[in-house]
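**Student:** show me how the following folds:
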Amino acid sequence: MDAEFLSLLRDPIAHEPLDHIRDGKREFLSSRSGRRYEIDAGIVRFLDAEELTGNNKRYQRLYDRLAPVYDLSTRIYARVKQGNVDDRIGQYLKELDVKDGQRVIEISVGTGRNLVGLNHKAAYFGVDISFGMMKRCARAMRRSGRRVSLVQAEAELLPLKDGAFDVVFSAGGFNFFNDKSEAVREMLRIAKSGTKLMISDETEKIRAKFDKSPVTKAFYGNQDKIAGPAAFIPDGCRDVEYKEVCDGELYALTFWKP
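**Tutor:** This is a model prediction of the structure:
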């Protein structure tokens, strides 16, 4: 395991540093408290799927099933909207300014399609609850000649060191987190002081469409209304700005850590 990556990881419960252990063909991280976390296909697995609850449990299972067709389906959707997926992604990624050598982390990294569109000279990290999506992310990043360090964890309990990242963002997934306020607090915790953070996801306009279709309602329907995501940003953050992109289908919420 990369030494820099290991230095950034923490036990999600006790926030202790972790040791890298090999036991024959098995590989895992061990905390000083005795907890062990498996490394599978290069991905550190901090999640016990049996302990997931609510939306996190529901969507972990859903995205594991969707992983093989996810990128294809999003490309088709972008074509239907008379555009292409790169243009669509670019409308929210332009809110980020990724410089050479910076540590960049995406919460709900999915298949890594957002990371591929950013500065290739930065160091990339990703968190997701879906192991299936992250395996595809790892392959996509290898094909693009990049490296990504991945952990399977909940956004509300990030197994990462305080103040470790230069760029922190989440594009897709935020609307379905169990505890959005806690997820934002965790994003702020791992960001360096003075960092600009960004959250992007679907607007209420799209959520309402999901509820009208029997197919999409089965997967994405019956959720709370998506209104005022800026309400989840704690006091003290500066320059909080909300804007809608992609013809009002997505929002981009930016804010700065003091």
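**Student:** where do the helices sit along the stretch 51-200 of the chain?
**Tutor:** Using DSSP state H, counting those that start in this stretch, the helices of the stretch 51-200 of the chain run over 54-66, 70-80, 85-93, 113-116, 131-143, 180-190.
**Student:** what number of residues lie near residue 157?
**Tutor:** As a burial measure, residue 157 scores 15 neighbours (other C-beta atoms under 10 Å). Glycine gets a C-beta too; all of them are placed from N, C-alpha and C.
**Student:** dump the residue contacts of the residue lying closest to it once chain neighbours are set aside.
**Tutor:** The spatially closest residue to residue 157, leaving aside those adjacent along the chain, is residue 12, at 4.8 Å (C-beta to C-beta, 6 or more residues apart in numbering). By C-beta atoms under 8 Å, 6 or more residues apart in numbering, the contact list for residue 12 reads 46, 153, 157-159.
**Student:** coming back round to it: dump the helices of the stretch 51-200 of the chain into a markdown table; add distance to residue 246 and mean neighbour count as well.
**Tutor:** Formatted as a markdown table, the helices of the stretch 51-200 of the chain follow (distance: least, C-beta to C-beta, whole Å; neighbours: other C-beta atoms under 10 Å):
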| stretch | distance to residue 246 | mean neighbour count |
| --- | --- | --- |
| helix 54-66 | 20 | 17 |
| helix 70-80 | 9 | 13 |
| helix 85-93 | 5 | 18 |
| helix 113-116 | 14 | 22 |
| helix 131-143 | 21 | 19 |
| helix 180-190 | 21 | 20 |
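**Student:** adding mean pLDDT and distance to residue 21, write these out as TSV.
**Tutor:** As requested, the helices of the stretch 51-200 of the chain are exported to TSV (pLDDT from 0 to 100; distance: least, C-beta to C-beta, whole Å):
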stretch	mean pLDDT	distance to residue 21
helix 54-66	87	26
helix 70-80	71	33
helix 85-93	89	37
helix 113-116	92	28
helix 131-143	93	20
helix 180-190	97	24
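**Student:** what's the local residue count around residue 15?
**Tutor:** Residues within reach of residue 15, counting by other C-beta under 10 Å, total 12.
**Student:** alright, that wraps it up for me.
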